[in-house]
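Q: only the shape, not the letters, is given here:
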């Protein structure tokens, strides 16, 4: 009963943050939320729901609100660590398969089914954020193919999960490196457009990331500005997406303001 109540509390906390219409409140209160989740996990270290909630909150806070690169690296490291522990609880015999050669890891992914999608998606998302904050670490960059395989497996099992979030991650991963160093911009564009279609345009951050990662990398000013204007003009109020949409609109304005200097 206590465990169930704790899980409900963690779920309600995560939902309350997602539906908050004042980003400053979340930014200022987030450190307390993270410490609270740490305490809950310490009390129930094998509670998968708490681990995944903690992983997601640490990840969002690090990527969205933290400007200091070193601090962002520490926070995403912790979030990914929580997701690794959650994976090990579900698959104790395979919990280190992601560290094995690519072919072995892909074989492991093939054994998973639709019921594994929530855990697999969270694991892949946290892994991607960890790579993003460790761009100067070539060992981290070497993991990109494994993260792509993770998200591709999510797409195969349930493409619509998290409003098509796996497609978004595939887009980001495809263009994380410049084309001259192996980036695949046209593949990235296909993934970004598919993610927006699956979300029915409700997640405004998808368009912002498309504009920033693809539009700027490919110097497509027309696409860049069109997507950002669509975000700014949209209604940010959406169940479980309000906070992210408000942050997307703020970022869209900043990107538009700097567009003349960039292009």
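A: Sure, I can see it. These numbers come from a predicted model, not from an experiment.

Q: backbone dihedrals for residue 142, please?
A: phi -70, psi -20 (degrees, to the nearest 10).

Q: show me the contacts for residue 161.
A: The contact partners of residue 161, by Cβ atoms under 8 Å, 6 or more residues apart in numbering, come to 117, 118, 121, 154. Backbone N, C-alpha and C define where each C-beta goes, glycine included.

Q: sketch out the helices for the stretch 51-200 of the chain, chain order is fine.
A: Counting by DSSP state H, counting those that start in this stretch, residue ranges of the helices within the stretch 51-200 of the chain are 69-90, 102-110, 117-132, 138-141, 144-158, 165-174, 185-198.

Q: so which of the ones you listed is the most surrounded?
A: Greatest average neighbour count among those goes to helix 165-174 (a mean of 26), per mean count of other Cβ atoms under 10 Å.

Q: for that helix, packing partners?
A: helix 117-132, helix 144-158, helix 185-198, helix 204-209 (3 or more Cβ pairs under 8 Å, 6 or more residues apart in numbering; DSSP states H and E).

Q: with residue 113 as the reference, measure out to residue 155.
A: Distance, residue 155 to residue 113, by Cβ to Cβ, to the nearest Å: 14 Å.

Q: pLDDT weak spots in the protein?
A: 1-3, 181 (pLDDT under 70).

Q: tally of neighbours for residue 8?
A: Residue 8 has 11 neighbours, counted by other Cβ atoms under 10 Å.

Q: buried ones in the helix or strand harbouring it?
A: Assigned by DSSP states H and E, residue 8 falls within helix 2-18. Residues 6, 7, 10, 13, 14, 17, 18 are the ones in helix 2-18 that count as buried (16 or more other Cβ atoms under 10 Å).

Q: now do the same contact list for the closest residue to the fifth one other than its chain neighbours.
A: What sits nearest to residue 14 in space, not counting adjacent residues and going by Cβ to Cβ, 6 or more residues apart in numbering, is residue 53, at 5.5 Å. Applying Cβ under 8 Å, 6+ apart, we find residue 53 in contact with 10, 11, 13, 14, 37.

Q: and which of these is nearest residue 24?
A: residue 13 (17.9 Å; Cβ to Cβ).

Q: before we move on, the earlier item: what separates the helix holding residue 8 from the chain centre, distance-wise?
A: Centre-to-centre, helix 2-18 and its host chain are 20 Å apart (Cα atoms, centre = their mean, to the nearest Å).

Q: now tell me what touches the next helix or strand after that helix from outside.
A: Toward the C-terminus, helix 2-18 is succeeded by helix 23-43 as the next helix or strand (DSSP H and E). Contacts with helix 23-43, where a contact means Cβ under 8 Å, 6+ apart, come from 6, 9-10, 13, 17, 20, 47, 50-51, 53-54, 57-58, 61, 65, 82, 243, 246-247, 250.

Q: ok, now with 6 Å
A: Contact with helix 23-43 is made by 6, 17, 20, 50, 54, 57, 61, 65, 246, 247, as judged by Cβ atoms under 6 Å, 6 or more residues apart in numbering.

Q: using CSV, lay out those residues together with distance to residue 93.
A: Formatted as CSV, these follow (distance: Cβ to Cβ, whole Å):
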residue, distance to residue 93
6, 27
17, 34
20, 40
50, 22
54, 24
57, 29
61, 32
65, 37
246, 43
247, 39
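
Q: just the buried members of these?
A: 6, 17, 50, 54, 57, 61, 65, 246, 247.

Q: relative to residue 228, which of those is nearest.
A: residue 247 (13.6 Å).

Q: which ones are touching the closest one?
A: By Cβ under 6 Å, 6+ apart, the neighbours of residue 247 are 23, 64.

Q: show me how far the helix or strand where it lies is from its chain's centre.
A: If you go by DSSP H and E, residue 247 is part of helix 242-257. The chain centroid and the centroid of helix 242-257 are separated by 16 Å under Cα atoms, centre = their mean.

Q: from the contacts of residue 161, which two are the most distant?
A: 118 and 154 (9.5 Å).

Q: before we move on, back to that, pick the one among the contacts of residue 53 closest to residue 261.
A: residue 14 (37.0 Å).

Q: what about residue 222, how many neighbours?
A: Residues contacting residue 222 under the criterion other Cβ under 10 Å number 8.
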